[in-house]
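> A predicted structure for the sequence below; I have some questions about it.
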Amino acid sequence: MTETQNLTLVQAVRDGLYTEMGRDDEVVVLGQDVGKNGGVFRATEGLFDEFGGDRVVDTPLAESGIVGCAVGMAAMGMKPVPEIQFSGFMYPGFDQIVSHMARFRTRTRGRFTLPMTLRAPYGGGIRAPEHHSESKEAFYAHEAGLKVVMPSTPHDTKGLLIAAIRDPDPVVFLEPKLIYRAFREDVPTEAYTVPIGEAATRREGDDVAVFTYGAMTRPTLEAAENLAEEGIECEVVDLRTVSPLDREAIVDAFERTGRATVVHEAPKTGGLAGEITAIIQEEALLYQEAPITRVTGFDVPYPLYALEDYYLPNVTRVEEGIREAVEFNP
Amino acid sequence: MNVFDRAYDDPVRVLDEDGTVVGEVPDLVDDELVELYRYMKLARHFDGRAVSLQRQGRMGTYPPLSGQEGAQIGSAFALGDDDWIVPSYREHGAALVRGVPLKQTLLYWMGHVDGNRAPDDANVFPVAVPIASQVPHATGAAWASTLRGEDDAFVCYFGDGATSEGDFHEGVNFAGVFDTPTVFFCNNNQWAISVPRERQTRSATLAQKAEAYGIDGVQVDGMDPLAVYAVTKAAVEKARDPDADRPRPTLIEAIQYRFGAHTTADDPTVYRDEGEVETWKRKDPIPRLERYLRAEGVLDDERVAEIEAGVKTQVADAIDEAESVPRPGPRDLFEHAYAELPPELRAQYESFAATREEHGDAAFLEE
């Protein structure tokens, strides 16, 4: 029987790093406060003591330096796992991400590849200060050459993180900090991978397909349970990876239901929900019975936290969006 | 001798740790000295109350400034009425001197939208959370002043960690190239969360970074409010009205220490030694100035007690005011996103307003 530990999502991040660093000396962690402090969310706790300051590196306060140095290390074949403390502080490193991290392989016709995993906590709901709550996965999904992973459970987190570290291509790994400590799950102690690019069906149902990922998976499942009491059965698909999207899973769930709602906390315009809707239009138009509804953050700058309960999709809004998709009759 | 003609590692000092005069005392009348002292006491008391509000769940994450009052109040005191400050997120003390009410600062950390709007007559840029991102703003704003033929100076605050960011380099470099009236005031409090100053840069001082940009750089004892005042005053005057042979911009490195955590979400005992904290507490700017003012006969027990009582009332009143501001509503989410709300956004607001009407606030607000 597989040995397991009962871990929170953030502990699963830590365990994924710990497990893979123990297997592979080429894996190094670098970022602000990741070493002695163990990370501001404790995602790297104890790694400094275990692996030393050369592999768990406290850097100067400079995101472009962190990402850019990781690009250099990765080009030499190492497997750096840079951490940006909050996804809202990614932007000084954005040039490195889009101009280099995403393109090194293409530009050098495969001579160089960048097996690096850029981690950052993302998302709202924790009463954080300004610039600490955004959900901007669409920036990275829009950038060809990157893979973008957004887990929602401790088990997936460890497996996807190890898959990301082993992936020959660069991965942006966005962690839902709202649920860093929300619940625990049995997580295998050994190394294992969960495939990047594969969605997971979290709930089966025939009336409507609901697509979501990351921290929104939980309110979506709660809404689905509430709606079941009214006789609406939702198929809830946790995408887990937002680039590349699991087109097959999206199309399959839609073909069986003919109706869909997409839930994400990122703003509506230019968000992943638009892309998912387009995939359905391209591949399953004749199955469509209703307009696809989107339950998302609003198209406004993320507010100071006294307003975030209004900004973030919640169970009520998700239920409303699903009902709209289900109740539509031409 | 010009205050900027000194070695980079020779900080300007006026008072030693005991409040004894060891340098040139700036030209401030008694009332001004008492006011400087009062502001420092106010900032310290506010800080303690803010941390306590966070602990009680009445406020979100808050970045304490305790230990840094000398640098904040001393520098802000040196500005002319029309000058500006461009702060990071820890400059509540400097902002207070420049006309941002305590209530406003409380609202900001309570997550209230209105906390980000200072009164129109306060020459203060909005709080900048992303590290060093405000540095180029200070250069650009100062540049605008010279382009328009005005003579306002701009004091930009940031920490030791910020000097590692590209924005710091670009902002200071532009200031040198375009000779803008900007004072770059580095609050070197020794720690960028858990990363010590010596890990930010191999440079022996931060002040010496000015050399590479062709501007003046100077260290000051940042826990000596009179020294901070004197140096900032000289830098602001030079920014406004430079000698022919000197650049307008100045980089001031104010050596100081953050007594508390980076923010209330941080636990500094994980990464720094309690003995180090105690050593720096002996340099506390407040008792230091108080000892000097008592020795000069400007303060006595009665005056100090009066100031302490006044400060407590002022902070308590500000907390009452901030807590009595109604919770913002959905309209506040959309208002000011644009000068005019685009149709799609109006539709999003109306749709949400209808949902809220139907389900009530309890369906949305989590306590």
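Happy to help now that I have it.
> rest of the way, CA atoms for contacts and neighbours
OK.
> mind giving me the domain split of the chain?
In the absence of a named chain, this looks at chain A. If you go by automatic domain parsing, the domain ranges for chain A are A:4-188, A:200-327.
> sorry, should have said chain B
Annotated domains of chain B cover B:3-323, B:329-367 [automatic domain parsing].
> Just confirm yes or no for the first one near chain A.
Which is domain B:3-323. Yes: under the criterion of Cα under 8 Å from any Cα of the partner chain, chain A is reached by domain B:3-323 at B:60-61, B:108-113, B:129-130, B:161-162, B:164-166, B:192-195, B:199-201, B:266, B:270-271.
> picking up where we left off before, let me have the domains of chain B in a markdown table, adding distance to A:L61, mean pLDDT and mean neighbour count as columns.
What follows is those, written out as a markdown table (distance: least, Cα to Cα, whole Å; pLDDT from 0 to 100; neighbours: other Cα atoms under 10 Å in any protein chain shown):
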| stretch | distance to A:L61 | mean pLDDT | mean neighbour count |
| --- | --- | --- | --- |
| domain B:3-323 | 5 | 97 | 20 |
| domain B:329-367 | 30 | 93 | 14 |
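> now these in a markdown table, with distance to A:P115?
Output for the domains of chain B, formatted as a markdown table (distance: least, Cα to Cα, whole Å):
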| stretch | distance to A:P115 |
| --- | --- |
| domain B:3-323 | 25 |
| domain B:329-367 | 39 |
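> so what's the closest residue to A:A191 other than its chain neighbours scoring on pLDDT?
Setting aside the residues directly before and after it, A:A191 is nearest to A:T19 in space (Cα to Cα, 6 or more residues apart in numbering or on different chains), at 6.0 Å. Per-residue confidence at A:T19 stands at 98 (pLDDT).
> got it, and the one 3 residues further on?
With respect to pLDDT, A:G22 scores 98.
> now that we're looking at it, how far away is chain B from it?
24 Å (Cα to the nearest Cα, to the nearest Å).
> what number of residues lie near that residue?
Neighbours of A:G22 under the rule other Cα atoms under 10 Å in any protein chain shown: 14.
> By residue count, which helix of chain A is the longest?
helix A:9-23 (DSSP state H).
> Any buried residues in that one, and which?
Using 16 or more other Cα atoms under 10 Å in any protein chain shown as the test for burial, helix A:9-23 gives A:9-21.
> just the residues you listed now: which is nearest chain B?
A:V10 (16.3 Å; Cα to the nearest Cα).
> Tell me if the longest strand along chain A is near chain B.
The longest strand of chain A (DSSP state E) is strand A:260-267. No: against chain B, strand A:260-267 shows no contacts by Cα under 8 Å from any Cα, the least distance being 11.0 Å.
> Quick check: what element follows that strand along the chain?
Note on strand A:260-267: by DSSP states H and E, the next helix or strand toward the C-terminus is helix A:272-284.
> So which elements touch that next one?
Under the contact criterion of 3 or more Cα pairs under 8 Å, 6 or more residues apart in numbering or on different chains; DSSP states H and E, helix A:272-284 touches helix A:247-257, strand A:260-267.
> Comparing those, which comes out most buried?
For those, the largest average neighbour count (mean count of other Cα atoms under 10 Å in any protein chain shown) is found in strand A:260-267, namely a mean of 26.
> wait, A:F89 sits on B:P130?
Yes: if you go by Cα atoms under 8 Å, A:F89 and B:P130 touch, sitting 6.3 Å apart.
> shared neighbours of these two, anything?
Each of A:H131 lies in contact with both A:F89 and B:P130 under the rule Cα atoms under 8 Å, 6 or more residues apart in numbering or on different chains.
> Which parts of the stretch 201-350 of chain B are helices?
Taking DSSP state H, counting those that start in this stretch as the criterion, the stretch 201-350 of chain B contains helices spanning B:209-213, B:225-240, B:274-281, B:285-295, B:301-323, B:330-334, B:343-359.
> The residue nearest to B:E308 when sequence neighbours are not counted and chain A, how far apart?
Once flanking residues are discounted, B:E308 sits nearest to B:K41: 7.3 Å by Cα to Cα, 6+ apart. Remark: distance between B:K41 and chain A (Cα to the nearest Cα) = 26 Å.
> Which helix or strand contains B:K41?
According to DSSP H and E, B:K41 maps onto helix B:30-55.
> which residues touch the following helix or strand past that helix?
Toward the C-terminus, helix B:30-55 is succeeded by helix B:69-76 as the next helix or strand (DSSP H and E). Here helix B:69-76 makes contact (Cα under 8 Å, 6+ apart) with B:36, B:39-40, B:43-44, B:85, B:91, B:93-95, B:97-98, B:187, B:222-229, B:232-233, B:254, B:256, B:285-286.
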